[in-house]
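Predicted model follows, preceded by the sequence.
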Amino acid sequence: MKKSKDGPLRSSAVDSQPLALDINDFKGDFSFDALFGGLVNELLPSFQDDETDSLEGHSNIGGNDALPNGHSRIPPDAGKFAQGLSSPLFPEVDALLSLFKNSSMQLIDLQKQIDGKLYNLKKEVAAQDLKHRKTLGELEKGVDGLFDSFARLDSRISSVGQTAAKIGDHLQSADAQRDTASQTIELIKYLMEFNSSPGDLMELSALFSDDKRVAEAASIAQKLRSFAEEDIGRQGVTVPSAVGNTTASRGLEIAVANLQEYCNELENRLLSRFDAASQRRELSTMSECAKILSKFNRGTSAMQHYVGLRPMFDVEVMNADTRLVLGDQDSLPIPSNVSRGLSSLYKEITDTVRKEAAIITAVFPSPNDVMSILVQRVMEDRVPNLLEKLLMKPSLVNPPPMEDGGLLLYLRMLAVAYEKTQELARDLHGVGCGDLDVEGLTESLFLDHKDIYIEYEQASLRQLYKAKMEELHAVSQQSSESTGTIGRSKGASIASSHQQISVTVVTEFVRWNEEAISRCTLFSPQPAILAANVKAVFTCLLEQVSQYITEGLERARDSLTEAAALREKFVLGTNLSRRVAAAAASAAEAAAAAGESSFRSFMVAVQRCGSSVAIVQQYFANSISRLLLPVDGAHAASCEEMTTAMSSAEGAAYKGLQQCIETVMAEVERLLSAEQKITDYQSPDDGIVPDHRPTNACTRVVAYLSRVLEAAFTALEGPNKQAFLTELGNRLHKGLLNHWLKFTFNPSGGLRLKRDITEYGEFLRSFNAPSIDEKFELLGIMANVFIVAPESLSSLFEGTPSIRKDAQRFIQLRDDYKSARLASRLSSLWQGSS
């Protein structure tokens, strides 16, 4: 950008030359700010000076002082300043506008120049692109030609290669035929040697006697033998039609016999060499012999020979197995010791087989076949030899006594042996046993035991139960003999503790069953068979628990029956002397004590019976039900069996609870008869304050009920508790009502009776029986008939007409019933109620 030679432009310099723009100014690092600054910087400084002067003038105006009256003071030169303001604020605008127009025209000219250059460049590029495309087309045609040439060359090369391959195949086939013919000639020569005379092996080629060429001799002998046997078979199928055929057949038979003899001799020689190498642990020689022997019957004889000579199958080793597992023959085997012995023995067998596996892999060409034979020999020889002595199946008709372990010992030994043998089978399978089904072999070892296993399990549970009952009976007898008649003299030992139901014993039944179920799970992997066995075993538990708790409840009932008989024996009669009456009363108290003891014992039996049933139900829910679910109907059938089995115990419990109520009521009646006095309800009206305390009989009865029913509140629960207490409450209501009907009451005696009724009602509220509470509330209302005046009796029953019948009987007990002529007074009331 070229500047004017006259220096910076001014607004007054109209004739100044404008700036000249060059296209080179826009190349490189172009900046619009620099371009604009170059255009206007020569004009803007004068505008800036003028603006500065203007700002100073304004500041002077703003600096005038104000007059005190609030008006501004006007400077003397204010008029001149006003005139100055009428001149233009930006006098250089015309010069800048002219400059901008000139620059815009120059820029337009430059744009046209650039557009022309761009147009020329586009034409040149289009021409070059067309030329380039023509060149590429020609190159593509040349490349296609090259590809066609290469394809023809490849096809030619393939054709030549196929021809060469065919020629090579023909040559190879011809060479193979030549080798086959040569070998056939050689084999025929050897066959003629074996066909010379029967049993003559002395004239054979050196090949068959050279120890260094044993492998080759064995291979040739097997080929000759196969050929001869095949020929004999073919001749035997077709009827000979010529003498030549017969001769050939007979000649080959001689060759077959000689070959068989030679093969046997060679096989024996190789086996001897194999044994010698085995004793010296020369694995290379053993491997060489094994490879050669594999040509004879696939090496079966060598494999069996090797396995048969293993020390692990010696008789002494097997006898040592028995001593290791069973220990001392004179003592009973302990399953835990047998388990440890089997673990040790089976680990030793596994380690031995693992060592043999390393040798077999290094020696035999087919190690899996040898391992199969070895493991099969272990599972069919060594293990059965031990199991035969370990698992001696006992008789179900005459089982061994519990002193000798009983049937349970056999079952535990069977479970231990089965589990440990299964572990051995898994370990041997891990070591390697070829295609042998070692798990199937294990199952076959225990098949005889598993077929009737569940019968032994049931018989064992019955034997255990019988032994336990005999043990408890023996303990009971011993305890009875030791205590003698001391307890009975006090009337408190009719139901001894050793005769009670024991939750510990029931828990032991469940433990037996759990152990049996674990064996069922072990021996019965199939869900259907397992469910059937589990159901049979659980049924044994139900029978045992049902029988045990039923017999326990019956024993507790027997004590109640004995106490009842004892009470009846000492019932007080009339017209007895004081001495006899005192002795009878003492005996009656002893009978009452026996009854109370029997009551408590029966409640304890009922409580333990409920706990026992709960244990069985919990065991069924946690352990049995899940095993029965896979079989339709098995779970429901077991639940029904459980209900049926417990029904006998429920019947015994119901009868016993009825006897308990009879026992309580008998004692209540005895206490009322002994303690209730006639004067209790006929206190004299002598002006003394009446006694508002309960009668002595009431106090004794409530104390007795509180004491004896504590056992019932603890033992019973749920609907059983409610039913028992309701029945007892009804019986108490009826008994007290009948008792009071024996007495005559005056007003103060009526108050005393009302106090007794309140005392009984307060105690019976603990029964939580609304019907009983209502009955005693009505008794309290009826007691008012002894308190109110005769003329007020009719008003007592206006709100409760249902008690009029019982109230009529109560009114007759008033001491003024006849003197006040209450019968005639209330006749209209009774007729209205009827």
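Here it is on my side, so go on.

tell me which residues of stretch 468-475 are tucked away?
Residues of stretch 468-475 classed as buried by neighbour count (16 or more other CB atoms under 10 Å): Lys468. Every residue, glycine included, has its C-beta placed from N, CA and C.

Who are the contact partners of Ser287?
For Ser287, the contacting residues are Ala362, Val363, Phe364, by CB atoms under 8 Å, 6 or more residues apart in numbering.

what's the burial count for Leu414?
When neighbours are defined as other CB atoms under 10 Å, Leu414 has 23 of them.

my bad, Arg354
The number of residues packed around Arg354, counting by other CB under 10 Å, is 14.

Over to Phe743?
Neighbours of Phe743 (other CB under 10 Å): 16.

And it, how close does it get to Arg809?
Here the distance between Phe743 and Arg809 works out to 12 Å (CB to CB, to the nearest Å).

Please apply the same query to Pro91.
Pro91 is 144 Å from Arg809, by CB to CB.

For the closest residue to Asp448 other than its chain neighbours, give me its contacts.
With CB to CB, 6 or more residues apart in numbering as the criterion, Asp448 has its nearest non-adjacent residue at 7.5 Å, and that residue is Lys393. With contact taken as CB under 8 Å, 6+ apart, Lys393 is in contact with Tyr410, Asp448, His449.

and which of those is nearest to Asn102?
Distance ranking of those against Asn102, using CB to CB, places His449 first at 124.6 Å.

Would you mind confirming that the closest one makes contact with Leu414?
Yes. When contacts are counted by CB atoms under 8 Å, His449 is listed as touching Leu414 (5.6 Å).

circling back: among the contacts of Lys393, which ones are in helices?
The members of these that map onto helices under DSSP state H are Tyr410, Asp448, His449.

Closest one of those to Ile373?
The closest of the ones in helices among the contacts of Lys393, once distances to Ile373 are taken by CB to CB, is Asp448, at 24.8 Å.

Would you mind measuring from the closest one to Leu408?
For Asp448, the distance to Leu408 - CB to CB - is 19 Å.

So which of those two has more stuff around it?
Neighbour comparison, Asp448 and Leu408: the larger count goes to Leu408, with 23 against 11 (by other CB under 10 Å).

Which strand or helix spans the residue lying closest to the more buried one once chain neighbours are set aside?
Counting by CB to CB, 6+ apart, Leu408 lies nearest to Ser460, which is 5.0 Å off, once chain neighbours are set aside. Element membership of Ser460 [criterion: DSSP states H and E] is helix 453-483.

And the contacts of Lys393, which is closest to Ser792?
Tyr410 (87.6 Å).

Sticking with Lys420, tell me its helix or strand.
helix 406-431.

quick one: buried residues of the helix or strand just after that helix?
The helix or strand immediately downstream of helix 406-431 is helix 438-445, counting by DSSP H and E. Buried residues in helix 438-445, defined by neighbour count with 16+ other CB under 10 Å: Val438, Leu441, Thr442, Leu445.

what two of these are the furthest from one another?
That would be Val438 and Leu445, which, of the buried residues of helix 438-445, are the farthest apart (CB to CB) at 10.8 Å.

what residues are shared contacts of the two?
Joint contacts of Val438 and Leu445 (CB under 8 Å, 6+ apart) are Met379.
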